[in-house]
Every structure is written in C-alpha cells, then in structure tokens.
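Engineer: predicted model, plus sequence, below.
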Amino acid sequence: MIFKNTFTINDLEKELYKEYPEISETENYFICKGNIINKFKTLESNHIRDGDVLILNQKEKLNK
C-alpha cells in the first residue's frame, strides 16, 4: 500500500481492514525496524520512510 508521510498508521489500518475484514476483529499492532509503531502518529513522526516494511502482529488472547 502507498500512503503519504502525513497519514497516520490508524489511516493505513482502516484501509487494510477494508481489504482484509477478518483481521479487524483482532487486537493488532505494527512493527517497523524492530520498533512498535504508535498508531496515532504520522508515518513521518514514526520515522517510517519509503520502502520500509511494516509488520502486522496480532496480540494473543490468554485463555483462562
């Protein structure tokens, strides 16, 4: 996906869920260059540059 550096990760996440609605029901977070990304900051504020890879991770639910 291609986004401007002024978009937030939250914006990107919304677009991702449109294409893959099955992952919208899980608790997710993104990692880039080994760092957890703040969803509410822009790509620029998170120091994400052209060509960087974002990894989507899902938090595991603990069974009680």
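Structural biologist: Arrived safely.

Engineer: strands along this protein, start to end?
Structural biologist: Secondary structure of the chain by DSSP state E: the strands cover 28-32, 35-36, 55-58.

Engineer: pull the CA atoms of the longest one into PDB?
Structural biologist: Just to be clear, that refers to strand 28-32. The C-alpha coordinates for strand 28-32 follow below in PDB (Å, rounded to 0.1, in the frame of the first residue of the first chain):
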ATOM      1  CA  ASN A  28      -3.300  -5.700  16.200                       C
ATOM      2  CA  TYR A  29      -0.100  -3.700  16.400                       C
ATOM      3  CA  PHE A  30       2.600  -2.800  13.900                       C
ATOM      4  CA  ILE A  31       6.400  -3.100  14.000                       C
ATOM      5  CA  CYS A  32       8.900  -1.300  11.800                       C
END
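
Engineer: before we move on, back to that, among the strands of the chain, which is nearest Ile48?
Structural biologist: Of all the strands of the chain, strand 28-32 sits nearest to Ile48, with 5.5 Å by Cβ to Cβ. Where C-beta positions appear, they are placed from N, C-alpha and C, glycine not excepted.

Engineer: what's that closest one packed up against?
Structural biologist: helix 9-19, strand 55-58 (3 or more Cβ pairs under 8 Å, 6 or more residues apart in numbering; DSSP states H and E).

Engineer: buried set for it?
Structural biologist: Buried positions in strand 28-32, judged by neighbour count with 16 or more other Cβ atoms under 10 Å: Phe30, Cys32.

Engineer: go on, stretch 16-28?
Structural biologist: Leu16.

Engineer: and the helices and strands packed on strand 28-32 as TSV, adding mean pLDDT and distance to Ile37?
Structural biologist: What follows is the helices and strands packed on strand 28-32, written out as TSV (pLDDT from 0 to 100; distance: least, Cβ to Cβ, whole Å):
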stretch	mean pLDDT	distance to Ile37
helix 9-19	92	5
strand 55-58	93	9
